[in-house]
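1. just coords:
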């Protein structure tokens, strides 16, 4: 399933660790504190467990994970200098290595 | 329809104007650059037109509007010091003035 993940984390070190956890799972950074990417149910659960541990020591945090169904992706509006490749993000565009 | 709106806007003055436009429409700021709230189709279109004009002069921007269907809201995960009232946000909780 495709997910959008956004967060506010006050402590810079913890914020960096959260971003690294998302990058490690292959999510794509679309804004400073917003990532999008495909996660399996197990990956999502592992991410949430990890983030709960990381955020325990943060004075003020908000971490939100939004599932994006395929039929919704078409109704997303993006106004951007560098538009995203939504087909790549939701896995419908594949790369062939020859 | 309930929408999640997130943005990165480089110029501070323009960023403030974008946030004010979202607040004026009654959207709730859930993170520094993430808002959630109900918008009619006309409001969404007017917002996008306004934001396109505002962002014309910004050197680097990304503005994303994600529709959140009711059945999806239940699958959103929130890890937060100050959890949101999702029933209030999606309009299923009403206030009675007596």
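-> Cool, the structure landed. These numbers come from a predicted model, not from an experiment. Residues are numbered from 1 along each chain as shown, chains lettered A, B, ... in the order given.

2. any residues touching the helix or strand bottoming out on mean pLDDT in chain A, and which ones?
-> The helix or strand of chain A with the poorest confidence is helix A:70-73; it has a mean of 83 (mean pLDDT, DSSP states H and E). By CB atoms under 8 Å, 6 or more residues apart in numbering or on different chains, the surrounding residues in contact with helix A:70-73 are A:2, A:86, A:90, B:66-67, B:69, B:72. For every residue, glycine as well, the C-beta is placed using N, CA and C.

3. Just the buried residues of those.
-> When neighbours are counted using 16 or more other CB atoms under 10 Å in any protein chain shown, these contain these buried positions: A:2, A:86, A:90, B:66-67, B:72.

4. which two in those are spaced the farthest apart?
-> A:86 and B:72 (17.1 Å; CB to CB).

5. Mind putting the contacts of helix A:70-73 into TSV with secondary structure and distance to residue A:8?
-> What follows is the contacts of helix A:70-73, written out as TSV (DSSP: H, G, I helix; E, B strand; the rest coil; distance: CB to CB, whole Å):
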residue	secondary structure	distance to residue A:8
A:2	strand	22
A:86	helix	25
A:90	coil	25
B:66	strand	17
B:67	strand	22
B:69	coil	24
B:72	helix	21
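
6. May I have the secondary structure class of the residue nearest the centre of chain A?
-> A centroid search over chain A (CA atoms, centre = their mean) returns residue A:35, at 3.1 Å, as the residue closest to the centre. Reducing the assignment at residue A:35 to three states with DSSP: H, G, I helix; E, B strand; the rest coil gives strand.
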